[in-house]
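1. can't give you the sequence, but here's the structure:
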């Protein structure tokens, strides 16, 4: 049986392309080099640090501290810090006592000391001199370098031995464990020059020979402070017209 097509076929719902209409854009395709195998792929750049470094997580899942606090001592350093604070307080207390209790010349300036301070210094100096004679000096075969028992009756020796003791304190009582030359310098620059000076001046010569104290200062020349002539000289030099010395030209000040 033959079927003939209908006379009026229904128009198609799909519009036929027009020659003047532009073709639809093609979809973007992946370039050939957009994907690389894992072994050829470049390393992934590291992520920037968070704004709050104190909240950055460590590898163990814990929060890491700020970078400026890492590496600082912890609780175990508290005893050492307390010891340092105690040392600083002790140093400050000693400095305050020295500035308020001792005279301007220092704790070893005999003339400016109070009776109690003089007594303390006498006891300290006596211990030092006994140690010096028994530990070092008595082992010399030359008795000219010894210190007699009456050393405290010689004012010049007292001043020199006081200075020697202070130098010894500075060399041996310094709180430092770093090696240095302070100890040997005390011998070469303080001890031996002091003993040589006492020997050359024959401070203890008569005492050592006579096995008793000999007051070597009695026949010597003793000066008087603020003598009338000295007072008049200072007045002329500071408050009046200087008096030229013999041989000095007019208008030339006298030598003090």
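-> Yep, that arrived. All figures in this text were calculated on a predicted structure; none of them were measured in a lab.
2. what ranges do the helices span in the stretch 151-256 of the chain?
-> Secondary structure of the stretch 151-256 of the chain (DSSP state H, counting those that start in this stretch): helices located at 155-172, 182-186, 192-200, 205-210, 228-238.
3. what about stretch 186-202, start to end distance?
-> One end of stretch 186-202 sits 23 Å from the other (CA to CA, to the nearest Å).
4. List the contacts of that stretch.
-> 136-137, 144-145, 156-157, 160-161, 163-164, 167-168, 171-172, 204, 216 (CB atoms under 8 Å, 6 or more residues apart in numbering). Where you see a C-beta, it was placed from the backbone N, CA and C, and this is true even at glycine.
5. For that stretch, what does the pLDDT average out to?
-> Per-residue pLDDT over stretch 186-202 has a mean of 95.
6. repeat for stretch 209-217
-> Taken as a whole, stretch 209-217 carries a mean pLDDT of 74.
7. Show me where the stretch 101-250 of the chain dips below the pLDDT cut-off.
-> Counting by pLDDT under 70, the ranges of the stretch 101-250 of the chain that qualify are 101-103, 216-219, 240-250.
8. related to what we said a few turns ago, mind picking the two most distant members of the contacts of stretch 186-202?
-> 172 and 216 (31.5 Å; CB to CB).
9. between those two, which one's more packed in?
-> residue 216 (17 against 10; other CB atoms under 10 Å).
10. Distance of residue 198 relative to residue 85?
-> Applying CB to CB, to the nearest Å, the value for residue 198 to residue 85 is 45 Å.
11. okay, these two: which has more neighbours?
-> A direct count of neighbours by other CB under 10 Å for residue 198 and residue 85 places residue 198 higher, at 22 against 10.
12. Show me where the protein has its strands.
-> Secondary structure of the chain by DSSP state E: no strands are present.
13. which helix is the longest one in it?
-> For the chain, the longest helix by residue count, based on DSSP state H, is helix 78-101.
14. can you list the residues that contact that helix?
-> Here helix 78-101 makes contact (CB under 8 Å, 6+ apart) with 107, 117.
15. what's the answer for stretch 161-181, then?
-> Contacts of stretch 161-181 with the rest of the structure, by CB under 8 Å, 6+ apart, involve 108, 110, 121, 124-125, 128-129, 132, 147, 151, 182-183, 185-186, 189-191, 194.
16. Identify each buried residue in it, please.
-> 161, 162, 164, 165, 166, 167, 168, 171 (16 or more other CB atoms under 10 Å).
17. Can you give me the first-to-last residue distance of it?
-> Stretch 161-181 has an end-to-end distance of 22 Å (criterion: CA to CA).
18. Hmm, residue 126 is touching residue 147, no?
-> No. Look at residue 126 against residue 147 with CB atoms under 8 Å: they stay out of range, at 11.2 Å.
19. ok, these two, which is more surrounded?
-> Under the criterion of other CB under 10 Å, the comparison of residue 126 against residue 147 puts residue 147 first, with 22 against 13.
20. In contact with the more buried one, which residues?
-> Residue 147 sits next to 129, 132, 133, 137, 157, 161, 204 when contact means CB under 8 Å, 6+ apart.
21. Residue 104: which of the contacts of stretch 186-202 is nearest?
-> Proximity of the contacts of stretch 186-202 to residue 104 (CB to CB) peaks at residue 163, which lies at 17.4 Å.
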